[in-house]
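> Just a sequence and a predicted model for now, questions to come.
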Protein chains: 2
Amino acid sequence: MGRAMGLAGLLAGLFLVSAVLVSTSLRHGAPRNQPEPAEWEPASGAVPSEDSLWPLPQRLRTSRRQLQLAPDRFQLVHGAGSSAGPACGLLEDAFRRYYEYVFGRPGRRTRGRRQLGAPARPELLRLQVVIGFQDPGCRGFPHLFSSEAYHLTITEPVAVLKADEVWGALRGLETFSQLVYEDDYGSFLVNESEIDDFPRFAHRGILLDTSRHYLPLKSILTNLKREVLTLMTQNTRGTLSSAGKMHGLFCMHLKWILQKSLDAMAFNKFNVLHWHIVDDQSFPYQSIYFPELSDKGAYSYNHIYTPTDVRLVIEYARLRGIRVIPEFDTPGHTQSWGKGQKDLLTPCYSGEQPTGSFGPVNPILNTTYDFMTKFFKEISSVFPDAYIHLGGDEVNFDCWKSNPEVKEFMKKQGFGIDYAKLESYYIQKVLDIVSSYNKGYIVWQEVFDNKAELKPDTVVQVWMENNYAHELSSVTAAGFTAILAAPWYLDYISYGQDWKKYYSVEPLNFPGSEKQKKLLIGGEACLWGEFVDATNLTPRLWPRASAVGERLWSSRNVTNLQDAYKRLTNHRCRMLRRGIAAEPVFVGYCAHEARGQ
Amino acid sequence: MGRAMGLAGLLAGLFLVSAVLVSTSLRHGAPRNQPEPAEWEPASGAVPSEDSLWPLPQRLRTSRRQLQLAPDRFQLVHGAGSSAGPACGLLEDAFRRYYEYVFGRPGRRTRGRRQLGAPARPELLRLQVVIGFQDPGCRGFPHLFSSEAYHLTITEPVAVLKADEVWGALRGLETFSQLVYEDDYGSFLVNESEIDDFPRFAHRGILLDTSRHYLPLKSILTNLKREVLTLMTQNTRGTLSSAGKMHGLFCMHLKWILQKSLDAMAFNKFNVLHWHIVDDQSFPYQSIYFPELSDKGAYSYNHIYTPTDVRLVIEYARLRGIRVIPEFDTPGHTQSWGKGQKDLLTPCYSGEQPTGSFGPVNPILNTTYDFMTKFFKEISSVFPDAYIHLGGDEVNFDCWKSNPEVKEFMKKQGFGIDYAKLESYYIQKVLDIVSSYNKGYIVWQEVFDNKAELKPDTVVQVWMENNYAHELSSVTAAGFTAILAAPWYLDYISYGQDWKKYYSVEPLNFPGSEKQKKLLIGGEACLWGEFVDATNLTPRLWPRASAVGERLWSSRNVTNLQDAYKRLTNHRCRMLRRGIAAEPVFVGYCAHEARGQ
């Protein structure tokens, strides 16, 4: 984050200019007689681009001068002097993607042509992307210290997008695509603008939980075509009703939920997928060393992420500048591990007798650490990110307390009856194992609270809602890096516009020095999966998580709820247009629907 | 309701027998070590049919004897002595539909064949449907006094479904389809059973709101095929990415939301769509007499229900035994009406000056009643149901109070300053208009509370959560028929399994005589649209509304939450299999997913 500010500092003379709004004409269907129209006035007609930017860039200067884009001519290209070129697959992919986001599907593209009699406008011919660093990062992975800053100048006849690395270019492409709008005549327009942008926080994450419910992904995207064709040709006997066809299409729709989430994350400039991949309920991760973990611990053979699936997610995320941080939570939350790994969990006792139930990971056996050593060796190599999330939350001591051998071990170690010490003993060993593979680690706040000995670069994730400011203060006072999740548990739903609650959180509003504040590197919106699966994940996550996205990206002073409401409403419509079933912010409709799109 | 009990009474010797459970084998992935597995144990392996019945039939006797169905041979047919035959389009359609629900799509049907070496089971060859009444009702519309009772006997080699009218046959087909299950080898099985069933309440409704957000429907279902083909052939230039295709499919998915809702209602034995079609925010109903109402009052020309659309909804509903009761709520909630109908709304004043804002319908002008006379003449003819919902809720008196002419009128009428009297004056006139077209009417409770003079057969809908039992008591004590909605406002969402709250409501638990109790004819689950549109409607409505469905259909003593949890979880999976994106009840997965379906 500190580094991202570098480029920004260089750009003197640019100020946060309040948006110059282009007046909207032809507002069909806008309310006339409504006493209080402001809140629910639908976005209709042409939406001035500044009204739909999300998250709001750090610095934005825009003019009334409109440039027109011709879909048949407009190009996204590598600019002169860029260290990236046509060999940069990541950018080439992004060009294709954003061309489609800007102009829509081919069937609609004729709309972009200038109407007879319409006034001739200056044309924007190209967007040139220029990567400044010698290594553009095309084949690399984004990381905590990647530069996501970019500078975008849109002037006739060519727009220029400058960034240190491809990661900034991806963010700038998103912003560019948000600036282009379609007027009532189907022309694609963009106002001359200059944008200087960078994230306020370096870690901007979404937690998804694939244990409570499996979240499907399509391993091979071209399967889609085959399935549709099958569906279309099945009807030879005339027995397949429309309902049947719908059912098939519907089912496909639910199959790419993880990719959809990554798409939407990119639209909101999130850069971390915190993949809470396993938990008590199921173990969908297919381990190479320990295949029995998922063979026995997954819901079924069809509820498994194979190594190919995992690679696909990581690559799909990488192409969008998103890190994938897997969480393998131990020693609690591990019921599903016990099915495929004998003796890993602690046998619980009732008096002298084992009950047949099992508790947290058994911390007193050498075999436990042998297993963890091998398991995390695999995880360290499968997941390229520099960090692994090791969990450590909500360890229930009851089973440990019931087990005679654990009690004996406690005595021997001099832990007395303080089972938090036993927990720390275990965690300490796991942290050491993971460190030995040159990985950093993130842990839930209990690990810090229970006074495990942590490496100075440990990241502590604060999740308990009760007095999280105090916790942030303690964690950073101890010199640890922190991530805030507590106020952003999106699985807690309630009636109405709860995005405002998430939006109004100021992460740095905790007692502490400037140095402490710098240790808060970001936050995460968490969508735990007890009540969420492919049927409701997308509308539950978006646009509620967008509120968190802007809080973590935009300037601290971007807090106006009325302005945010307007932009978020338009941003939500854009997500819808791009295939993300984001739920409505409030009453109304989307302009693209009014145009029949 | 009283009439439906008739058939039931005839069937002596049948008792509510607790389900004889077929033991499940091969529970792959079921939890082994979990301390408290009961709550979240996923449904896997073969699901005994009784474990997935929803709503639970009034009387059910089932045996361990399993019959097998061969997809290539099994037939749904009209039985000897039935008053319905192949000319009954409604039943023919239902046969096709339920054949597909039972056996799935054609691609899967080979699974139904008996495996070599598997034990030979007796076969169920046919389901014969016998309609007893002389007029089976094939071309008619369901109404409040339709018989939905049915009697289903499943024995080798033929099952018999007897009902007075087609409406009962539809309910029985649903139950039959719920009884058939697929074992781990892909065989379709059903246990020999006898079911005697009828609804506890005659009015079992879902309120959908198409004003706050437009809910799309596909006017011509075969459009789907064309759209998919277009999508598949567009890719000639190689420019359409997979994302683009997905987007297209995704968009189609959102287009048949109203039909999906009607499908799901039939799966849950709901029989009324309360279509809250217009409100302040928009007027999507395209009137034949007053086209300007939607021309100016709809969100856009693409957010309109044309007469063809309305006919489609009514017919789609009729084929599923569902009444469509439209609500045209006046005099409040009418902002959108004012755009297309001059002088309909009351001009609000600030002192001596009109503010330019408008309030409720203007009750003092003759033109208002001329308009309503013509408008409701149209509505009475467009909607075949015997009832129209006239609203009458939440009238804000501020604007009336501000208007000098209204004040003058109040004086002249001797209303003093009691604006509830003015409201009643208006409502009275509208009720008289609608009565003159031989329609019954439903009103929200305020109309009763404000002491409008109501015809004895008026139906009062109780919606205010505060002390609704008392309100039910008052309404029925006054001799009016009542519908309960208050505890079932599903737009109020909260964390966790709130279906239990809806399920635990006992509608008849209000002070009153037996005669009063008989006046409560049912209830409605209401999904108001402020925060709901096509993106989130289905998972928000289902299976939460299913809880209301069982409460209104099944016997009063069906209240066991643990049993309901198990059946609801399986029922939700069945809805998913049938293309309804019902959200999960809790953690777990569906058996059909484990089978790769």
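Yep, it's here. Numbers count the residues shown, from 1 in each chain, chains lettered A, B, ... in the order given.

> so what's the residue of the stretch 451-597 of chain A found nearest chain B closest to, chain neighbours aside?
Distance from chain B to each residue of the stretch 451-597 of chain A (Cβ to the nearest Cβ) is smallest for residue A:594, at 3.4 Å. Using the backbone N, CA and C atoms, a C-beta is placed for each residue, glycine as well. In this structure, residue A:594 finds its nearest non-sequential neighbour in residue B:300, 3.4 Å apart by Cβ to Cβ, 6 or more residues apart in numbering or on different chains.

> Does the one you found belong to a helix, a strand or coil?
coil (DSSP: H, G, I helix; E, B strand; the rest coil).

> So, low pLDDT: which residues of the stretch 251-400 of chain A?
Applying pLDDT under 70 to the stretch 251-400 of chain A picks out residues A:251-255.

> Those residues of it touching chain B, which are they?
Residues of the stretch 251-400 of chain A lying close to chain B (Cβ under 8 Å from any Cβ of the partner chain) are A:251-254, A:256, A:263, A:280-282, A:296-303, A:335-336, A:338-339, A:345, A:348, A:356-358.

> Repeat the analysis, applying 7 Å as the threshold.
Proximity of the stretch 251-400 of chain A to chain B (Cβ under 7 Å from any Cβ of the partner chain) is limited to residues A:252-254, A:256, A:281, A:298-300, A:302-303, A:335, A:338-339, A:345, A:357-358.

> Against the centre of chain A, work out the most remote residue.
residue A:352 (48.2 Å; Cα atoms, centre = their mean).

> For that residue, which non-adjacent residue is closest in space?
residue A:404 (7.6 Å).

> Compute the number of surrounding residues for the one you found.
For residue A:404, the tally of surrounding residues (other Cβ atoms under 10 Å in any protein chain shown) stands at 12.

> Show the pLDDT at it.
Per-residue confidence (pLDDT) for residue A:404: 97.

> Tell me the spacing between it and chain B.
From residue A:404 across to chain B, the span is 19 Å (Cβ to the nearest Cβ, to the nearest Å).

> gap between that residue and residue A:351?
Taking Cβ to Cβ, to the nearest Å as the measure, residue A:404 falls 10 Å from residue A:351.

> How about residue A:521?
Per Cβ to Cβ, residue A:521 is found 48 Å from residue A:351.

> Comparing the two, which residue is more hemmed in?
Ranked by neighbour count (other Cβ under 10 Å), residue A:521 and residue A:351 place residue A:521 first, with 19 against 7.

> Tell me the secondary structure of the more buried one, please.
Residue A:521 is classified as strand under three-state DSSP.

> picking up where we left off before, between the residues of the stretch 251-400 of chain A next to chain B, which is nearest chain B?
Nearest member of these to chain B, counting by Cβ to the nearest Cβ, is residue A:300, at 3.4 Å.

> Hmm, residue B:594 and the closest one touching each other?
Yes - the criterion here is Cβ atoms under 7 Å, and residue A:300 meets it with residue B:594 at 3.4 Å.

> quick one on the thing from earlier: just give the number of residues close to the residue of the stretch 451-597 of chain A closest to chain B.
21.

> Model confidence for it, exactly?
In this model, residue A:594 carries a pLDDT of 87.

> I'd like the distance between it and residue B:214.
Residue A:594 is 10 Å from residue B:214, where distance means Cβ to Cβ.

> what do you get for residue A:78?
43 Å.

> and if you look at residue A:313?
35 Å.

> next one: residue A:585
To residue B:214, residue A:585 is 15 Å away according to Cβ to Cβ.

> Tell me which helix or strand residue A:549 sits in.
Here residue A:549 is covered by helix A:544-553, with elements defined by DSSP states H and E.

> Which neighbouring elements make contact with that helix?
Helix A:544-553 sits against strand A:203-209, helix A:499-503, strand A:520-527, with contacts defined as 3 or more Cβ pairs under 7 Å, 6 or more residues apart in numbering or on different chains; DSSP states H and E.

> Could you pull out the strands in the stretch 351-500 of chain A for me?
Secondary structure of the stretch 351-500 of chain A by DSSP state E, counting those that start in this stretch: the strands cover A:353-361, A:387-389, A:440-444, A:459-462, A:481-484.

> could you dump the helices and strands packed on helix A:544-553 to TSV with distance to chain B and mean pLDDT?
TSV is the format used below for those (distance: least, Cβ to the nearest Cβ, whole Å; pLDDT from 0 to 100):
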stretch	distance to chain B	mean pLDDT
strand A:203-209	10	98
helix A:499-503	11	98
strand A:520-527	12	98
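
> Go through these and name the closest to residue B:461.
Among these, helix A:499-503 comes nearest to residue B:461, with 31.9 Å by Cβ to Cβ.

> May I see the buried residues of the closest one?
Using 16 or more other Cβ atoms under 10 Å in any protein chain shown as the test for burial, helix A:499-503 gives A:499, A:502-503.

> CA atoms only: put that helix into PDB for me.
C-alpha atoms of helix A:499-503 as PDB (Å, rounded to 0.1, in the frame of the first residue of the first chain):
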ATOM      1  CA  TRP A 499     -24.600  -2.100   2.600                       C
ATOM      2  CA  LYS A 500     -24.700   1.300   4.300                       C
ATOM      3  CA  LYS A 501     -23.600  -0.300   7.600                       C
ATOM      4  CA  TYR A 502     -20.600  -2.000   5.900                       C
ATOM      5  CA  TYR A 503     -19.800   1.200   4.000                       C
END
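
> and that helix, what does it pack onto?
When contacts are defined as 3+ Cβ pairs under 7 Å, 6+ apart, helix A:499-503 sits against helix A:544-553, helix A:561-577.

> Of those, flag the one that's most buried.
Highest mean neighbour count among the helices and strands packed on helix A:499-503 (mean count of other Cβ atoms under 10 Å in any protein chain shown): helix A:544-553, with a mean of 27.

> roughly how far out does that one sit from the chain middle?
Chain-centre distance of helix A:544-553: 10 Å, with Cα atoms, centre = their mean, to the nearest Å.

> residues in contact with residue A:85?
Residues near residue A:85 by Cβ atoms under 7 Å, 6 or more residues apart in numbering or on different chains: residue A:78.
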